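# sequence first, predicted coordinates after that:
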Amino acid sequence: MNSTNNPINPLHFFMLPERSDGVLYEGGLAVYGTLTGKENVIDDDKPFSQYLQKPMRLMMGLIFICRSGRLTVRCNLQEHIVQAGEALILLPGTTIESLQVARSTQACLIAGTKDIASDMRLIQTSFIDSVDFVRPVRLCITPEQLDFFAQWIELVRSCATMPVGEERREAVSACARILSCQLRLCSSPEVRKGKERSPRRNEIYAQFIRDVLQFFRTERNLTFYADRQFITPKYLGASVTQASGRRAYDIICDQVILEAKMLLRQPGITVQQVSYQLNFPNHSFFSKFFKAHTQLTPQQFIAGE
């Protein structure tokens, strides 16, 4: 039972506006704002608020880097405050609900298509502990690293002078990889502990996360995800537990519940429609599943909102 009518609309890279303070490449990389001078990352109403009349699912990766001031990002039903010397990475599949920028904030916003996000290896072992799903990745950044990001932005802007073509696309892709390397250096010691684990099992876990993001609405059986990697469900479960400290099935269920909560918050949607969206055989089965994981019925959750 599949549904193509998902009330959480996608926010694609091609929907981003062209702005005087931004660089938008056909290769799939966009940069708004700078980390030098007095420019703000974006005005409160640009470039996202025109789309955020209701939650939107990111079909791209976003990186917020703050030098001074504060950004408040609400996504996946949680509020995240990005302060001076911090970065926040939102992975493809994240549902973003609102973005607020405090006055006198000096920051930048970097957006990349799924291909660019893949080039940057955002869902890889470097962030394995912190990602743990589509949870935003928060990084601490030193003043020296902020200077590096400021220089990187100028490099990206200089690429805008290159003629449109294969060479420019390669340059943009190279810039993305350079950014990825520096972001991994910003990872906290806790995050870097993931590198001490088995590289193979971390690879399995990263692929499992990607597969769950793609298929969780229709597949909740661990065998399905194991078959996609040509391994046994037992080995997949052990690899996921070693990499994340959590059971694979619990991770799948967490994403289903998160999606259900966001759907239930949409005006006019019924419990039966949500159960259909998430491939449950009927709304009664969905209600039992929801209550088992939240201690609330869907109706109680809606009433509490």
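Perfect, I can see it now.

# list the buried residues for stretch 215-229?
216, 219, 220, 222, 225, 226, 228 (16 or more other CB atoms under 10 Å). All C-beta spots, glycine's among them, are computed from the backbone N, C-alpha and C.

# need the residues you listed in a markdown table with pLDDT and secondary structure, can you?
Listed next are those as a markdown table, based on pLDDT from 0 to 100; DSSP: H, G, I helix; E, B strand; the rest coil:
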| residue | pLDDT | secondary structure |
| --- | --- | --- |
| 216 | 92 | coil |
| 219 | 94 | coil |
| 220 | 93 | coil |
| 222 | 96 | helix |
| 225 | 97 | helix |
| 226 | 97 | helix |
| 228 | 97 | helix |
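
# distance to residue 153 added to the residues you listed, as CSV?
Output for those, formatted as CSV (distance: CB to CB, whole Å):
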residue, distance to residue 153
216, 35
219, 40
220, 42
222, 43
225, 38
226, 42
228, 38
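
# what's the farthest-apart pair in those residues?
Taking CB to CB, the two most distant members of the buried residues of stretch 215-229 are 216 and 226; they sit 15.0 Å apart.

# and residue 152, how many neighbours?
For residue 152, the count of nearby residues is 19 (other CB atoms under 10 Å).

# list the buried residues of the top helix by length along the chain.
When the chain is parsed with DSSP state H, its longest helix is helix 166-185. Residues of helix 166-185 classed as buried by neighbour count (16+ other CB under 10 Å): 168, 169, 171, 172, 173, 175, 176, 179, 180, 183, 184.

# my guess is the fourth one contacts residue 159. True?
Yes: counting by CB atoms under 8 Å, residue 172 touches residue 159, with 6.2 Å between them.

# where do the helices sit along the stretch 151-300 of the chain?
Counting by DSSP state H, counting those that start in this stretch, the stretch 151-300 of the chain has helices at residues 166-185, 189-192, 199-215, 222-228, 233-244, 248-264, 271-277, 283-294, 298-304.

# just checking, what packs against the longest one?
By that I understand helix 166-185. Packed against helix 166-185 by the contact rule (3 or more CB pairs under 8 Å, 6 or more residues apart in numbering; DSSP states H and E) you find strand 29-33, helix 114-119, helix 143-159.

# repeat that for 10 Å
Secondary-structure packing of helix 166-185 (3 or more CB pairs under 10 Å, 6 or more residues apart in numbering; DSSP states H and E): strand 29-33, strand 60-68, strand 106-113, helix 114-119, strand 137-140, helix 143-159, helix 189-192.

# want to throw the buried residues of helix 166-185 into a markdown table with distance to residue 12?
What follows is the buried residues of helix 166-185, written out as a markdown table (distance: CB to CB, whole Å):
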| residue | distance to residue 12 |
| --- | --- |
| 168 | 21 |
| 169 | 18 |
| 171 | 23 |
| 172 | 18 |
| 173 | 19 |
| 175 | 21 |
| 176 | 18 |
| 179 | 21 |
| 180 | 22 |
| 183 | 23 |
| 184 | 27 |
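
# got those as TSV, with distance to residue 57 and pLDDT columns?
Below are the buried residues of helix 166-185 laid out as TSV (distance: CB to CB, whole Å; pLDDT from 0 to 100):
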residue	distance to residue 57	pLDDT
168	29	82
169	26	80
171	30	85
172	24	80
173	25	80
175	26	86
176	22	83
179	23	86
180	23	82
183	23	82
184	26	78
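
# closest to residue 234 out of those residues?
Once CB to CB is applied, the member of the buried residues of helix 166-185 that ends up nearest residue 234 is residue 184, at 31.2 Å.

# go ahead and confirm that closest one touches residue 145.
No: assessed by CB atoms under 10 Å, residue 184 is found out of contact with residue 145, at 11.3 Å.
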